[in-house]
Each structure stands twice: as structure tokens, then as C-alpha cells.
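# give me a 3D structure for the following:
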Amino acid sequence: MGGSLYRDRWIECTSGALRIRGYYFPWGTKTVPYTSIRGFRRVEMGVFGGQIRIWGTSHPRYWASLDPGRPAKKDALILDLGRFVRPFLTPGDTDAVEAVLRAHVPTTDR
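Got it, this is the predicted structure:
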């Protein structure tokens, strides 16, 4: 899949895909080819908007990948993969991951 364009403890962007560590129980990695991403959006988190959720969901539409540092973060990215459940990610550098997605995801749904 090529070298890393971005990498932190939980998220890695390669030249061909986004890798989300800790997505599946207990530590499984989800690999999402950029061609599978229909769109994405950046959201500001709040106490009732995913910020205190370390992993999993309280809303059946979104799945938060494992991130013990999420309570200290302000922004998240939500991916549209064309399925009911949408991955909810909080990279260490949201701007950097958003830039990689903009460069690799040919979509207007942002």
C-alpha cells in the first residue's frame, strides 16, 4: 500500500488507504482504500458529541475507533463508506489527515 503519508498511534494514511488501528475488538485494524470513501466531513466534538467516548458508539450510525486521548481533542473526521455505520476518527493531527483525504478522495460530499 505504499509508504506513510501520515501516522500517529491510531491512524495511518498510506498512498493507497487509510488504516485505523483499534477499530475492531480487541485491537483489529480496519483498512479503508481511498477508493471506498464516498465522502468525509470534519466535526467539532463536544461532551455529548463523541468527545468522551473512547471507543464504540452510543449512536448506531457512528463507530468511534479506539482513542484513549479523544477527551482532550476538539475535532473529528467522519467517513462515508456508503454503509449505515460511519467510522468516527480523531487523529492526532486532524488537519494533516484531512489534507490527505482531500488529495485522495475524489468527492464533493465533504
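# what's the weakest-modelled helix or strand in the protein?
strand 62-64 (a mean of 90; mean pLDDT, DSSP states H and E).
# tell me which other helices or strands that strand touches.
Under the contact definition 3 or more Cβ pairs under 8 Å, 6 or more residues apart in numbering; DSSP states H and E, strand 62-64 sits against strand 86-89. C-beta: built from backbone N, CA, C; applies to glycine.
# alpha carbons only: can I get the strand it packs on in CSV?
What follows is strand 86-89, C-alpha atoms only, in CSV (Å, rounded to 0.1, in the frame of the first residue of the first chain):
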residue,chain,number,x,y,z
ARG,A,86,-19.7,5.6,9.5
PRO,A,87,-16.2,5.5,11.1
PHE,A,88,-15.6,8.3,13.6
LEU,A,89,-11.9,9.2,13.8
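# which residues in this protein form helices?
94-104 (DSSP state H).
# what bridges to the residue nearest the centre of it?
For the chain, the residue nearest the mean C-alpha position is L89 (2.9 Å; Cα atoms, centre = their mean). Residues in a beta bridge with L89, per DSSP bridges, are L77.
# list the contacts of it.
W10, I11, I20, S65, D67, A76, L77, I78, L79, V97 (Cβ atoms under 8 Å, 6 or more residues apart in numbering).
# of those, keep whichever come out buried.
W10, I11, I20, S65, D67, A76, L77, I78, L79, V97 (16 or more other Cβ atoms under 10 Å).
# ok so, going back, could I get the contacts of L89 as a markdown table with pLDDT?
What follows is the contacts of L89, written out as a markdown table (pLDDT from 0 to 100):
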| residue | pLDDT |
| --- | --- |
| W10 | 94 |
| I11 | 96 |
| I20 | 96 |
| S65 | 89 |
| D67 | 91 |
| A76 | 94 |
| L77 | 96 |
| I78 | 94 |
| L79 | 96 |
| V97 | 97 |
